[in-house]
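Trainee: Pasted the sequence and its predicted model underneath.
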Amino acid sequence: MANIHSTAIVDPKATLADDVSIGPYAVIGPDVTLGSGTQIGSHSVVEGHTTLGKDNRIGHFASVGGMPQDMKYRGEPTRLEIGDRNTIREFTTIHTGTAQDAGVTRIGNDNWIMAYVHIAHDCQVGNNTVFSSNAQIAGHVHVGDWAILGGMAGVHQFVRIGAHAMLGGASALVQDIPPFVIAAGDKAVPHGVNVEGLRRRGFSAETIAALRNAYKLVYKSGLTLEEAKLQISALAAAETGAVADALRCWLDFLNTATRGIIR
């Protein structure tokens, strides 16, 4: 049976799993779906066309599913979709999408989103990411699996952060970070491969060495980006298994960059 505090305001049209928990003074809107085991903290608001999967934990005073902060928004029924087992801490704000993009903001599974984070309209966040307190990402930003954003980091709209990348605290990011790369600074610049993070996630020494070679080709060799991409492609073609997959991940990201990459 759902555990709903007597002071919570839950619209009767909302769809709730039988075992959700909703704290004091929380507000749940009519177009909200809460999956099994999800917990909503006191004074939090979940509104808009918002779906949360199972076992999510929303902290106190969070605002989830609010209207996009986009002056072009005209009330279209855009959405927010959140997967399973995410922790979203107090005072976080996450907004629905806009009609100018796909119309949906998405957050995957097993993400750790700390206090005062802002995730704007149309952002696409993967799985197993970490957003440290006060990290702020503007509209249309894409964040790959296992990426980490340091506290008070700010990310420009339409930027992409590759899988396993790490953005240092208080950094300002205005171009894409390729996968596996550490970046920091105002403005953020590359500082090598996220070696320790990759080791913790079980990447082999061979894969890490290949990624460091790819990094050197892009950032240390004096080659143009197009020349570096050709050499990374040749490296990937000569490898198999996880090493080849990691190099192709890097190459695919470079081939689809539209704002350019940090240099």
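Mentor: Noted; the coordinates are in hand. Numbers count the residues shown, from 1 in each chain.

Trainee: How many residues are close by residue 42?
Mentor: 16 (other C-beta atoms under 10 Å). For the C-beta atoms, the positions are set from N, CA and C on the backbone; glycine is no exception.

Trainee: out of everything not next to it in sequence, what's closest to it?
Mentor: Sequence neighbours aside, residue 23 is the residue nearest to residue 42 in space, at 3.8 Å (criterion: C-beta to C-beta, 6 or more residues apart in numbering).

Trainee: Tell me where the stretch 51-200 of the chain has helices.
Mentor: Remark: helices assigned in the stretch 51-200 of the chain by DSSP state H, counting those that start in this stretch are 195-200.

Trainee: about what we covered before: ok, the residue nearest to residue 42 touching residue 38?
Mentor: No: counting by C-beta atoms under 8 Å, residue 23 sits too far from residue 38 to count as a contact (11.8 Å).

Trainee: Between the two, which is the more surrounded one?
Mentor: residue 38 (25 against 19).

Trainee: Can you name the residues that contact the more buried one?
Mentor: 17, 20, 21, 52, 53, 54, 55, 56, 57, 58 (C-beta atoms under 8 Å, 6 or more residues apart in numbering).

Trainee: For residue 227, see how far away it is.
Mentor: From residue 38 over to residue 227 the distance is 50 Å, taken as C-beta to C-beta, to the nearest Å.

Trainee: coming back round to it: top of the contacts of residue 38 by number of neighbours, please.
Mentor: Result: residue 58 is most packed of those (other C-beta under 10 Å), 30 neighbours.

Trainee: what's the burial count for residue 201?
Mentor: Residue 201 has 11 nearby residues by other C-beta under 10 Å.

Trainee: Nearest residue to it in space, please, no chain neighbours.
Mentor: Per C-beta to C-beta, 6+ apart, closest to residue 201 is residue 146, 6.6 Å.

Trainee: Could you single out the nearest of the contacts of residue 38 to residue 96?
Mentor: Closest approach to residue 96 among the contacts of residue 38 (C-beta to C-beta): residue 52, at 13.1 Å.

Trainee: Show me what that closest one is bridged to.
Mentor: Note on residue 52: beta-bridge partners by DSSP bridges are residue 34, residue 82.

Trainee: so it touches residue 33, yeah?
Mentor: Yes: Residue 52 lies in contact with residue 33 (C-beta under 8 Å); the separation is 6.9 Å.
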